[in-house]
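In: Have a look at this fold, sequence not included:
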């Protein structure tokens, strides 16, 4: 490994390291605008100039490879003069917009101008002006501020996988724009706002709303999908104003999806802020005591088999656990957390996890997608797949509906027939899996939420076991333990699903699942249904059953309810969430619940008291202790607990119907995003550009 000296400090770095990275390893700070750790090197801002001994002029440290014996100076007169000169050139055409710029207080140019800028300008010509470009409903452009760092272009092309941004013209006439000035059609598009080092690209919904120093910043977890992206919630008073990504290398790196970022405006629309009880056919405002009394009266005399509960897709683990304890106390085996009807659970934990882990995708050398569209179901997982695909030698096959992904794949067929052919080795893609050392498969709810879902799951398990996807730990010649490999993965789209499966929020002995609950409600066998923020079911099928809806938005479940209990949204409560790979993470409240709404576990605890089955915990700490004592996987925060392999699924006949997609509209998948004005605008803008691609090999 090359050794070099940076500001008198000797440092040893891996081959291929740039001088800029070597300077950082030595603790030296080098200014930069175009360089970014996760993007290709452009070397076009020249802000990172440093002095290298024996070099005729300063070098661009981001693009210059470190080599043996180099002597670098980052604070010498030559380096400082070069950096200040570059800053002066960058500011020549930059408008004096700082007082009105949304980037103010968070601007790289602003910060670095303090250290490397001049006190005045020597430029006497007119400043350059550039026409603002249209990039969709999420990105506001003020292109006169652009310094042509091309971070946005490289992100769109390399990370997002949509080659819709580029630079036109040359020299003073150069401009960044999208193709024909269309909206940037990517589920990750708004990450260019975070990447932009100046105020050229800012958030359109957040324009002129607030300054960063006015905001309360709380670290939390996203619940818009099952990825478990780490986020920062910025709130002012009672209102969440924006959501930003938080670094987590093993999950979302430093990106988030557009839905995660912008659906937060739905938190203030169509909210439930007080209890309601249906009287004379209409929901009427009521007190908590009246709402609980109505439920207790209806429960009086009901058998356990006549009561059921369904948990929604974004519920925290504590609330589900409290509801499960209450239903057990009432004697009801009719509980389910699988709104979509996926045939999962009841076997070994490995049967419903993303066992490879999200970061582990980068170690795989072949991929089989089954009944899933990761671009919509888990945009950050899709980005990780693309990251691995860009390195090459990563064949990808898809069984299911052909979709427009951000990488090439081989469409293997539409349904279970192709899956059977792969399993028995007669399909051409079977040879690809056999040749791979670390193959993996990803199966989505499009394949599992069917009548034959258990048989499809069993077929996927057979493929995993038959093609070397399950490799136990081994010992090499030196006696060192070699980590095994588990290439079987279930990709969930519901943030609460894994937690529900982990705690067994599933039908008990003789109990009904979601389909059975709806059928029982329709027939009259089930007389009371408790919906814990469950809005993705056919509420018309609930028949004459008495429906209790506990949630935070006036969505489908609330419209059908006989009693409405206002709960807290994910930004208004502390809670545990388990992502698709089985990683337990903590979310934290950024604001308080609206009006008379309360945290969900508190509502269930108060209701248990009102119906005569008081739950044995009075605070969140006691509840979590009970949860972790009963299910120890919840005690391992932010770690991946190894899941033992075993038999799951059920052998049976496979239907000929093709595997569908569980998501029809990426921007509206839950009550919060359906209430979001920004997501509605995205739906309108992108609806005509979301058509499936033709069959064959796709790019």
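Out: Yes, it's here. Predicted model only: the values in this text are computed from it and were never measured.

In: wait, residue 158 sits on residue 36?
Out: No. Using CB atoms under 8 Å as the test, residue 158 is too far from residue 36 to be in contact (10.3 Å). Backbone N, C-alpha and C define where each C-beta goes, glycine included.

In: higher neighbour count, these two?
Out: residue 36 (18 against 15; other CB atoms under 10 Å).

In: who are the neighbours in contact with the residue nearest to residue 357 when sequence neighbours are not counted?
Out: Spatially, and ignoring its direct neighbours in sequence, residue 357 is nearest to residue 581 (4.9 Å; CB to CB, 6 or more residues apart in numbering). Neighbour list for residue 581: 228, 353, 354, 355, 357, 358, 640 [criterion: CB atoms under 8 Å, 6 or more residues apart in numbering].

In: any idea how far the fourth one lies from residue 348?
Out: I take that to be residue 355. In this structure, residue 355 and residue 348 are 11 Å apart, going by CB to CB, to the nearest Å.

In: okay, and the common contacts of the two?
Out: residue 643.

In: Settle it for me: which of those two has more neighbours?
Out: residue 355 (25 against 13).

In: Residue 487 is in contact with that one, correct?
Out: Yes. Assessed by CB under 8 Å, residue 355 is found in contact with residue 487 at 7.4 Å.

In: circling back to that earlier point, which pair in the contacts of residue 581 spans the largest distance?
Out: The distance between the two most remote of the contacts of residue 581 (CB to CB) is 15.4 Å, for 228 and 355.

In: who wins for neighbours among the contacts of residue 581?
Out: residue 228 (29 neighbours).

In: Give the full set of residues in contact with residue 375.
Out: Per CB under 8 Å, 6+ apart, neighbours of residue 375: 187, 382, 403, 404, 405, 406, 666.

In: Restricted to strands, list these.
Out: Applying DSSP state E to those, no entry is found in strands.

In: what's near enough to touch residue 231?
Out: 219, 220, 221, 222, 243, 244, 245, 246, 256, 260.

In: number of nearby residues for the fifth one?
Out: For residue 243, the neighbour count with other CB under 10 Å is 25.

In: Does it belong to a helix, a strand or coil?
Out: For residue 243, the assignment made with DSSP: H, G, I helix; E, B strand; the rest coil gives strand.

In: Surely it touches residue 259?
Out: No. Counting by CB under 8 Å, residue 243 stays clear of residue 259, with 9.9 Å between them.

In: for the stretch 101-250 of the chain, what spans make up the strands?
Out: 139-141, 165-168, 175-178, 201-203, 216-221, 230-236, 239-245 (DSSP state E, counting those that start in this stretch).

In: thought residue 659 was touching residue 445?
Out: No. Under the criterion of CB under 8 Å, residue 659 makes no contact with residue 445, lying 9.8 Å away.

In: Common neighbours of those two, please.
Out: Common neighbours of residue 659 and residue 445 (CB under 8 Å, 6+ apart) are residue 371.

In: now the helices for the stretch 551-699 of the chain?
Out: Applying DSSP state H, counting those that start in this stretch to the stretch 551-699 of the chain gives helices spanning 556-560, 600-610, 620-630, 671-674, 677-686.

In: Tell me which of these lies nearest to residue 570.
Out: Nearest of those to residue 570, taken as CB to CB: helix 671-674 at 8.2 Å.

In: Give me the neighbour count for residue 12.
Out: For residue 12, using other CB under 10 Å, the count is 13.

In: what's near enough to touch it?
Out: Contacts of residue 12 by CB under 8 Å, 6+ apart are 1, 2, 3.

In: Just the buried ones among those residues, please.
Out: residue 2 (16 or more other CB atoms under 10 Å).

In: Could you dump the contacts of residue 12 into CSV with distance to residue 491 added?
Out: As requested, these are exported to CSV (distance: CB to CB, whole Å):
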residue, distance to residue 491
1, 39
2, 42
3, 45
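
In: Can you lay out the contacts of residue 12 as a markdown table showing secondary structure and distance to residue 568?
Out: Listed next are the contacts of residue 12 as a markdown table, based on DSSP: H, G, I helix; E, B strand; the rest coil; distance: CB to CB, whole Å:
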| residue | secondary structure | distance to residue 568 |
| --- | --- | --- |
| 1 | coil | 52 |
| 2 | coil | 55 |
| 3 | strand | 56 |
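
In: could I get the contacts of residue 12 as JSON lines with pLDDT and distance to residue 78?
Out: Below are the contacts of residue 12 laid out as JSON lines (pLDDT from 0 to 100; distance: CB to CB, whole Å):
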{"residue": "1", "pLDDT": "88", "distance to residue 78": "27"}
{"residue": "2", "pLDDT": "92", "distance to residue 78": "22"}
{"residue": "3", "pLDDT": "95", "distance to residue 78": "23"}
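
In: Name the nearest of the contacts of residue 12 relative to residue 324.
Out: For the contacts of residue 12, the nearest to residue 324 is residue 1 (54.6 Å; CB to CB).

In: residues contacting that closest one?
Out: 12, 13, 14, 15.

In: quick one: it from residue 30, how far?
Out: 20 Å.

In: ok and the helix or strand harbouring residue 321 relative to helix 600-610, angle-wise?
Out: Using DSSP states H and E, residue 321 maps to helix 317-329. For helix 317-329 against helix 600-610, the angle by axes from the mean of the first three to the mean of the last three CA atoms, to 10 degrees is 20 degrees.

In: nearest to residue 91, of the contacts of residue 12?
Out: Out of these, the member with the shortest distance to residue 91 (by CB to CB) is residue 2, at 35.5 Å.

In: Quick check: the closest one touching residue 16?
Out: No. With contacts counted by CB under 8 Å, residue 2 stays clear of residue 16, the gap being 9.6 Å.

In: Tell me, how many residues neighbour residue 505?
Out: Using other CB under 10 Å, residue 505 has 26 neighbouring residues.

In: I'd assumed residue 312 was in contact with it.
Out: No. The criterion here is CB under 8 Å, and residue 505 misses it with residue 312 at 11.2 Å.

In: what mean pLDDT does the helix holding residue 321 have?
Out: For helix 317-329, the mean pLDDT works out to 98.

In: and that helix, which residues are buried?
Out: Neighbour counts over helix 317-329 (16+ other CB under 10 Å) mark 317, 318, 319, 320, 321, 322, 323, 324, 325, 326, 327 as buried.

In: Can you spell out which helices and strands pack onto it?
Out: Using 3 or more CB pairs under 8 Å, 6 or more residues apart in numbering; DSSP states H and E, the elements in contact with helix 317-329 are strand 307-311, strand 334-336, helix 497-502, strand 528-532, strand 575-578, helix 600-610, helix 620-630.

In: so can I have CSV of those showing mean pLDDT, mean neighbour count and distance to residue 78?
Out: CSV is the format used below for the helices and strands packed on helix 317-329 (pLDDT from 0 to 100; neighbours: other CB atoms under 10 Å; distance: least, CB to CB, whole Å):
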stretch, mean pLDDT, mean neighbour count, distance to residue 78
strand 307-311, 98, 27, 64
strand 334-336, 98, 27, 69
helix 497-502, 98, 27, 56
strand 528-532, 98, 27, 66
strand 575-578, 98, 26, 52
helix 600-610, 98, 22, 62
helix 620-630, 98, 16, 58
